[in-house]
Each structure stands twice: as C-alpha cells, then as structure tokens.
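[1] What shape does this take:
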Amino acid sequence: MRLLKAGKPVLSSSRLLTLSPEFDESDKVIRVGGRLRRSAELDYATLHPIVLDPSHPAVKLLIQDYDSCLHHPGPERVFAEIRRTLWILRGREAIRRHQHTCAECHRWKSRPVVPKMADLPAARLRLFKPAFYSTGMDCFGPFQVKVGRRLEKRWGIIFKCLTTQAVHLDLLTNIDADSFLMALRRFIARRGTPAELFSDQGTNFRGGEKELREAFAALSPKLQQSLAKEQIAFHFNPPAAPHFGGVWEREIRSVKQALYTTVGAQAQAEEVLRTVLIEAEGLLNSKPLGYVSSSVTDPDPVTPSLLLMGRRDGSLPQVVYPATELLSRRRWRHSQILTDHFWSSFIRYYLPGMQARQKWHTIRVNLAEDKVVMLVDPQLPRSLWPIGQVIKVHTSADGHVRSADVKIKDKVYTRPVARLVVLPAIPDDKDQPTPS
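    Residues are numbered from 1 along each chain as shown. Just a heads-up that it's a prediction; the model follows:
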C-alpha cells in the first residue's frame with residue numbers, strides 16, 4: 001500500500017507482482033492492473049477487481065455469503081462468481097477452507113470416513129476344525145414358483161463356512177420362525193452342529209422385502225432361545241452393514257447369477273428351483289481356493305469339496321474300495337490323507353493370500369461420542385437423511401471404532417461407521433463476538 005501510494009512498483013517478492021497492482025485513490029483500495037484494460041465490453045470492476053486478503057474476517061464473511069447465496073456449490077463455482085469483481089489472493093484455498101468447516105456443504109457433499117480394514121476375525125481362521133464350525137448365514141430372494149395354477153414365493157438360505165469357504169444352500173417355503181428353524185435343523189443333520197453362527201439383522205436382505213425384515217426381527221429372540229439348547233453361539237452384525245458379512249454376501253451374488261443364467265426370470269416348479277439351487281451349491285464348492293497355476297507340475301488346487309466329499313469336484317468319480325476292505329484301516333487312512341492334504345494346501349497356498357488388504361488402507365481418526373452425524377439411507381434422497389448425535393461408540397479388537405449408537409429424537413440406532421457422515425459442530429451463538 002505504501003509503495004503504490006508513492007507511485008512505486010511493489011517488491012519483486014510480493015504476491016501482487018504478477019497482477020500489476022494499482023492504487024485506487026477514490027475507493028482507497030488496491031485493484032488489479034492486469035492486461036485487459038483495452039476491452040470495451042467489460043465494466044471497470046471486472047477489468048480491475050479489488051485485491052483482498054484471504055485471512056481478513058470481512059473476506060471470510062464475504063466468502064460465506066457467496067457460498068450461501070449460491071446454495072453451497074463446489075469451490076470452483078464460488079471462486080468464479082467472486083472473481084468477477086473481487087480478486088482474493090489464494091482464493092481457491094480460502095474457499096475450500098471455508099467449505100471444509102461449513103455444515104451445509106458437509107451435509108450435501110461429505111462421504112462416510114471408513115476406518116482401516118480390520119484384521120481377519122477368529123472365525124475366519126479356525127484351522128483343523130470340521131467344515132461349518134464357524135458359519136455365516138443369510139436369506140435371499142424371493143423367487144416365483146408354480147404350484148398348480150398359482151404362483152407362490154420361495155426364499156433361498158445360504159450357510160457358508162467362514163474358514164473353508166464351503167457352501168450349503170436350502171429353500172425356504174416361508175420366512176417365519178418355524179420355516180427358518182426347520183432349515184437350520186436340516187443343515188445340522190447334514191453338515192453337523194456349528195459352534196457359532198453369524199448373521200446380519202435383516203435390513204440388507206436381498207430383495208428388500210418388508211415382510212422379510214419384520215419376520216427376521218421377530219425371529220431373533222426365538223432363534224437365540226432355540227440355539228441355546230444346541231450350545232450354538234449366535235452373533236449379529238450391525239444393521240445396514242453388508243460389508244460385515246461380505247464373505248457370504250458375495251456368494252449370494254454368485255448363486256443368483258447361476259439361477260438367472262439357468263432358469264431365468266420365469267417362474268419354475270419348486271422341484272426345479274430346488275434342484276438348480278443344489279447344483280449351484282456343487283459348483284460353488286468345486287471352486288478352487290486361491291491362485292490356480294497353469295503349470296502341469298503344480299499340485300491340483302484345493303477346493304471345499306475335497307474336505308466335504310473327498311474329491312475336488314462332485315462330478316468326478318469317488319474312490320472305489322474292494323468289498324473286503326470296505327471297513328478296513330485303508331479307507332480310514334485315505335480319508336485322513338485327504339484331510340491332511342486339504343489343510344496343508346490351504347495353509348500353504350490359500351492362507352497367505354488373505355494377508356493383503358484390498359481396500360481401506362488408511363488409518364482414520366476414530367469417531368467420538370457427542371459428534372453430530374448424518375445417517376446414510378440409500379432408500380431416501382440426501383436431503384431427507386436423518387441427523388443425530390453419537391451417544392456410544394463400539395471399538396473393535398484393533399482399537400478402531402467400526403459402529404456407533406446414534407440418537408435421533410427419542411430413538412437410538414446402531415449403525416456402522418461406513419454409514420455415518422460426520423458433520424462439523426454448529427457454533428454456539430454465545431461464542432460469537434458481539435459487534436461493537
């Protein structure tokens with residue numbers, strides 16, 4: 001200001017050097033000299049905008065006003081509108097700094113901050129245990145089947161071993177508690193009693209059927225009471241958190257793809273649907289675990305079928321024993337060799353591939369209590385997403401917060417951090433300085 005008033009150029013180290021600044025005697029401000037002075041179509045304020053300091057409180061209020069009048073667009077839109085008459089030094093940086101603390105901008109543009117991917121749970125690493133020792137389960141559907149001349153709904157249920165990746169599929173005629181428990185009894189009779197069962201709480205079931213969610217909500221207490229007699233530990237994932245059960249959710253996609261490829265969208269007889277479902281189970285259990293080499297000298301890949309039925313593929317012939325050796329030590333020894341081969345190949349070729357984290361590599365700041373958050377609801381437009389306050393956080397074994405209890409009005413919802421958008425705190429009016 002002192003040099004320009006004296007008619008001298010600014011210092012070579014000044015940020016204004018490239019703008020060819022000029023001092024406006026009438027308004028007592030610094031304006032951009034620039035190279036556009038020969039334009040006859042532009043007004044004086046556009047040709048020579050006023051130069052402003054981004055750290056000044058009045059400039060911050062000016063940016064806030066422009067951002068509010070333009071309904072909180074991106075920084076480039078606000079920057080272009082301000083640049084018409086005003087030249088804020090490092091303007092883009094100042095606008096981004098404001099929008100980073102603006103509650104409305106966060107409400108319309110922020111995304112959930114997902115913590116670093118967790119370590120594999122103990123249920124995924126139950127080595128040398130029988131298949132389906134730790135099992136995840138979920139329902140999918142509905143599907144249309146023909147019963148006489150009418151159409152009825154059927155649902156599929158999947159049980160997946162979290163360690164060996166073996167799959168068990170069944171068909172539900174209804175989604176009430178009795179039908180679900182009978183499917184569980186059939187599973188136990190064929191595969192053995194699992195030590196622990198994992199499931200979500202029905203809010204992310206395929207198809208989004210309202211009755212499926214309501215039935216599962218009513219099913220949970222009765223299911224836990226029934227499983228207590230079998231000494232089966234039951235674990236619920238947080239609501240609206242399909243990535244907590246990604247192991248079996250991905251298999252549901254494979255099952256649906258196989259069903260739509262074979263039977264299509266047309267209604268089939270229930271027997272046909274059940275047959276295709278079990279054949280899809282055989283395909284999934286014949287899927288190799290880990291990398292499959294193209295070299296002939298490499299050992300055959302290990303599959304869940306190797307542990308379940310003693311051969312890598314259900315379509316391959318099984319070992320034939322002579323009648324004199326049907327109950328001899330040779331058959332028992334052969335089954336032990338197959339089991340040992342499965343676990344040795346599993347540990348050598350498949351388990352090391354589970355070390356890497358495919359996504360969510362960055363360590364994020366943990367969500368804290370009393371934070372104001374917005375619940376992501378894909379069923380609603382963003383303007384209707386509910387806003388609440390975190391009253392409790394749930395910390396995992398590695399110290400990261402992965403779910404939290406959010407209070408909205410008089411209700412408390414448990415949601416994963418991946419479904420929560422953190423909003424900046426609203427400043428209190430009492431903390432604002434009183435203008436003199």
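
[2] need the helices for the protein, in chain order.
    Ranges of helices in the chain, per DSSP state H, are 2-5, 44-47, 57-69, 75-82, 91-101, 103-109, 177-191, 210-230, 246-262, 270-285, 304-309, 329-345.

[3] hey, C-alpha coordinates of the second one in CSV?
    By that I understand helix 44-47. The C-alpha trace of helix 44-47 is given here as CSV (Å, rounded to 0.1, in the frame of the first residue of the first chain):
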residue,chain,number,x,y,z
TYR,A,44,-14.5,-1.3,-14.7
ALA,A,45,-15.0,-3.7,-11.7
THR,A,46,-14.4,-6.7,-14.0
LEU,A,47,-11.3,-5.2,-15.6
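
[4] pLDDT of it, averaged?
    Helix 44-47 shows an average pLDDT of 78 in the prediction.

[5] Pass me the low-pLDDT residue ranges in this protein, would you?
    For the chain, applying pLDDT under 70 flags the ranges 202-220, 222-231, 291-300, 311-336, 338, 426-436.

[6] longest single strand anywhere in it?
    Longest strand of the chain, by residue count under DSSP state E: strand 134-147.

[7] so what secondary structure elements neighbour that one?
    Taking 3 or more CB pairs under 8 Å, 6 or more residues apart in numbering; DSSP states H and E as contact, the helices and strands that strand 134-147 lies on are strand 150-161, strand 196-199, helix 246-262, strand 268-269, helix 270-285. (Each C-beta comes from the backbone N, C-alpha and C, glycine too.)

[8] Would you mind giving the helices of the chain as TSV with distance to Cys139 and mean neighbour count added?
    Listed next are these as TSV, based on distance: least, CB to CB, whole Å; neighbours: other CB atoms under 10 Å:
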stretch	distance to Cys139	mean neighbour count
helix 2-5	75	12
helix 44-47	63	13
helix 57-69	47	15
helix 75-82	45	17
helix 91-101	42	17
helix 103-109	35	16
helix 177-191	8	16
helix 210-230	7	14
helix 246-262	9	16
helix 270-285	13	18
helix 304-309	21	21
helix 329-345	29	13
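
[9] what residues does stretch 14-21 touch?
    The contact list for stretch 14-21 (CB atoms under 8 Å, 6 or more residues apart in numbering) reads 4, 10-11, 30-35, 51, 87, 89.

[10] Now the buried members of the residues you listed.
    4, 10, 30-32, 51, 87 (16 or more other CB atoms under 10 Å).

[11] need these in JSON lines with distance to Gln99, can you?
    What follows is those, written out as JSON lines (distance: CB to CB, whole Å):
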{"residue": "Leu4", "distance to Gln99": "32"}
{"residue": "Val10", "distance to Gln99": "31"}
{"residue": "Ile30", "distance to Gln99": "26"}
{"residue": "Arg31", "distance to Gln99": "27"}
{"residue": "Val32", "distance to Gln99": "24"}
{"residue": "Val51", "distance to Gln99": "22"}
{"residue": "Trp87", "distance to Gln99": "19"}
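
[12] Which of those residues fall in strands?
    Per DSSP E, the buried ones among the contacts of stretch 14-21 map to strands at 30-31, 51, 87.

[13] So for the residue positioned nearest the centre of the chain, what's the nearest residue that isn't a sequence neighbour?
    Geometric centre of the chain, nearest residue: His243, 5.0 Å, by CA atoms, centre = their mean. Closest residue to His243 apart from its sequence neighbours, by CB to CB, 6 or more residues apart in numbering: Ala418 at 6.6 Å.

[14] Repeat that for Arg31.
    His48 is the one closest to Arg31 (CB to CB, 6+ apart), at 4.1 Å.

[15] so how far is Asp67 from the one you found?
    His48 sits 25 Å away from Asp67, going by CB to CB, to the nearest Å.

[16] What of Thr85?
    As judged by CB to CB, Thr85 and Asp67 stand 16 Å apart.

[17] just curious, which of the buried ones among the contacts of stretch 14-21 is nearest to Trp248?
    Proximity of the buried ones among the contacts of stretch 14-21 to Trp248 (CB to CB) peaks at Trp87, which lies at 57.9 Å.

[18] Specify the beta-bridge partners of that closest one.
    Val51 (DSSP bridges).

[19] Relative to Phe143, which of the helices of the chain is closest?
    Closest among these, using CB to CB: helix 270-285, at 6.1 Å.

[20] Dump that closest one to PDB, keeping only the CA atoms.
    Extracted C-alpha coordinates of helix 270-285, given in PDB (Å, rounded to 0.1, in the frame of the first residue of the first chain):
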ATOM      1  CA  GLU A 270     -40.400 -75.800  -6.900                       C
ATOM      2  CA  GLU A 271     -38.600 -79.100  -7.600                       C
ATOM      3  CA  VAL A 272     -36.800 -77.400 -10.500                       C
ATOM      4  CA  LEU A 273     -35.700 -74.500  -8.300                       C
ATOM      5  CA  ARG A 274     -34.500 -76.800  -5.500                       C
ATOM      6  CA  THR A 275     -32.500 -78.900  -8.000                       C
ATOM      7  CA  VAL A 276     -30.800 -75.900  -9.600                       C
ATOM      8  CA  LEU A 277     -30.100 -74.500  -6.200                       C
ATOM      9  CA  ILE A 278     -28.300 -77.600  -5.000                       C
ATOM     10  CA  GLU A 279     -26.400 -77.800  -8.300                       C
ATOM     11  CA  ALA A 280     -25.300 -74.300  -7.700                       C
ATOM     12  CA  GLU A 281     -24.100 -75.400  -4.300                       C
ATOM     13  CA  GLY A 282     -22.000 -78.100  -6.000                       C
ATOM     14  CA  LEU A 283     -20.400 -75.500  -8.400                       C
ATOM     15  CA  LEU A 284     -19.500 -73.200  -5.600                       C
ATOM     16  CA  ASN A 285     -18.000 -76.000  -3.500                       C
END
